[in-house]
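Asks: need a 3D model of the sequence below.
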Amino acid sequence: MDTDWADLFWRMIRDPRYQTGVTYGKPRTGHAEGTVANHVMDLEKNLEKMRALPLSDTEYWKLRILVHVHDAMKLYAKRDAAIEDPQSHASLAAKFLSEYVADVDLLNMVQYHDEGYALWKQQEGRGRYNQPRFQKVVRLIWDVELYLLFTILDGYTPSKEHERIRWYVMEVEKEVGRGKLGMVYEAMRLFGV
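Replies: Numbering: from 1, shown residues only. Just a heads-up that it's a prediction; the model follows:
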């Protein structure tokens, strides 16, 4: 049976945990917009801009789900927890989403949505990054194009460093090849990344 992604989305955002979770936040580095709800509004604008790409309905709804769920559990998370810590906002968001869908790839995208930023910070700080950690993400996420489209959506906000998006896309391209990233490069042009 095919997943009704739109129905899943509407059910998910009516969940009281989601509705409370998006109230979290105040202006801070990387999130000048403050609350998760304000961040989601910015990303919704990005997603509308991305509709200029040849996205399928499924891709659109999966991206919209990612927009809404990826940071929605920060309120409930342990502060500064590592990405794979069960109490990190990413782990809690993946667990929350797993109550609505069994799509392992989408759950992995939620779990590792901040991985590009973490690896970029390592590269900037040390001149290198954790290759096994990077390899793990590239192996776990099957639809790398959708994952990188979300990376662009999430990273293209006024208070975030846009160079990190280009760097991460280039690193992933070395692993998967340019042929699998056609829409990613269209999106980068669209957003001027």
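Asks: so what's the spatially most central residue of the chain up against?
Replies: Nearest to the geometric centre of the chain sits His113, at 4.0 Å (Cα atoms, centre = their mean). Going by Cβ atoms under 8 Å, 6 or more residues apart in numbering, His113 touches Leu66, His70, Ala90, Phe150, Thr151, Asp154. For glycine as for every other residue, the C-beta is placed from the backbone atoms N, C-alpha and C.
Asks: now render those as a markdown table, adding distance to Glu84, secondary structure and neighbour count.
Replies: Converted to a markdown table, these look like this (distance: Cβ to Cβ, whole Å; DSSP: H, G, I helix; E, B strand; the rest coil; neighbours: other Cβ atoms under 10 Å):
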| residue | distance to Glu84 | secondary structure | neighbour count |
| --- | --- | --- | --- |
| Leu66 | 18 | helix | 24 |
| His70 | 15 | coil | 26 |
| Ala90 | 8 | helix | 24 |
| Phe150 | 19 | helix | 24 |
| Thr151 | 18 | helix | 26 |
| Asp154 | 19 | helix | 22 |
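Asks: determine which two of these are furthest apart.
Replies: Greatest spatial distance in those: Ala90 and Thr151, 13.5 Å, computed using Cβ to Cβ.
Asks: on that earlier part again, just the pLDDT for the residue nearest to the centre of the chain.
Replies: As predicted, His113 sits at a pLDDT of 96.
Asks: secondary structure class for it?
Replies: Classification of His113 using DSSP: H, G, I helix; E, B strand; the rest coil returns coil.
Asks: what residue ranges in the protein score low on pLDDT?
Replies: Where the chain drops to pLDDT under 70, the residues are 1, 28-31, 158-160.
Asks: ok, the contacts of His113 vs Lys136, which is closest?
Replies: When the contacts of His113 are ranked by distance to Lys136 (Cβ to Cβ), Ala90 comes first, at 13.9 Å.
Asks: residue contacts, that closest one?
Replies: The contact partners of Ala90, by Cβ under 8 Å, 6+ apart, come to His70, Ile83, Val110, Gln111, Tyr112, His113, Asp114.
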